[in-house]
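Colleague: make a model of this:
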Amino acid sequence: MGPFPPTRRGPTRRMTFARRTHWAKRAVLAPFSRTRIAGVQVLLTFDDGPHPEHTPAVLERLSTFGASAAFFLVGNRITEPALVEHVRGHGHAIGNHTFGHAVPRWCEVRASIEDVRRCQLLVPHATLFRPPLGKLTPGLWLAARRLGLGCMSWSLDSGDWRCRSAADAKRCADEVLKFVRPGDIILFHDDHRWIAPILDVVLPGLAARRLLPDIRSMARRSRT
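Modeller: Prediction:
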């Protein structure tokens, strides 16, 4: 069975690492809110970076396959602003993931607005927003709306943050490829050592199925 028990999400799906989530579309809450994208491709998203070692490894692998992604950056982890420009220079979208990556209480509106604003000062080109742990509170929603950021969730959680070994990474990648569907928004994290070996399996698998994403065309569809 492995170290992580299967988690049931959706009608009949059983997963260990990869978990499918079904979010209500909050169209009234932000410029746009997506859990899936139109078309036959998927969208790769990376949370909790940038990391001075692991983010460049992700960029290298995406470049090899000509794939684009969305990176949701945490403000207090931006120790090298040049790395953010490196992400943009590769044609990827930048997202705001708050400054401190703390999940605020429901009533903490002012603190939430300030947390998002501080991050936006460091990533002024960000056009997307994802709340920590995907928990969109009123304050975080209001902050995103004021800054004109589109809120984006995900439809398939890779569970990569659970990996503790090479075997875990291989199983995680295999399950992503098993459960992924066209139009999925896949959640990864670029702040840990196992993301590179996971992508070494996932990217060729997606390429073989012609599912590799193009963030620019997705953004155009999302704003229509």
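Colleague: so residue 71 lies in a strand, does it not?
Modeller: Yes - assessed by DSSP: H, G, I helix; E, B strand; the rest coil, residue 71 belongs to a strand.
Colleague: could I get the average pLDDT for the longest strand belonging to the chain?
Modeller: Ranked by number of residues, the top strand in the chain under DSSP state E is strand 43-49. In this model, strand 43-49 has a mean pLDDT of 96.
Colleague: if you count contacts, what does whatever helix or strand comes next after that strand end up packed against?
Modeller: Next along the chain after strand 43-49, taking DSSP states H and E as the criterion, comes helix 54-64. Judged by 3 or more C-beta pairs under 8 Å, 6 or more residues apart in numbering; DSSP states H and E, helix 54-64 is in contact with strand 43-49, strand 69-73, helix 81-89, helix 195-208. Glycine gets a C-beta too; all of them are placed from N, C-alpha and C.
Colleague: which stretch among those comes nearest residue 147?
Modeller: Ranking the helices and strands packed on helix 54-64 by their distance to residue 147 (criterion: C-beta to C-beta) puts strand 69-73 first, at 14.1 Å.
Colleague: in stretch 135-149, what's buried?
Modeller: 136, 137, 139, 140, 141, 142, 143, 144, 147, 149 (16 or more other C-beta atoms under 10 Å).
Colleague: let's see the distance spanning stretch 130-141 from one end to the other.
Modeller: Across stretch 130-141, the terminal residues are separated by 10 Å (C-alpha to C-alpha, to the nearest Å).
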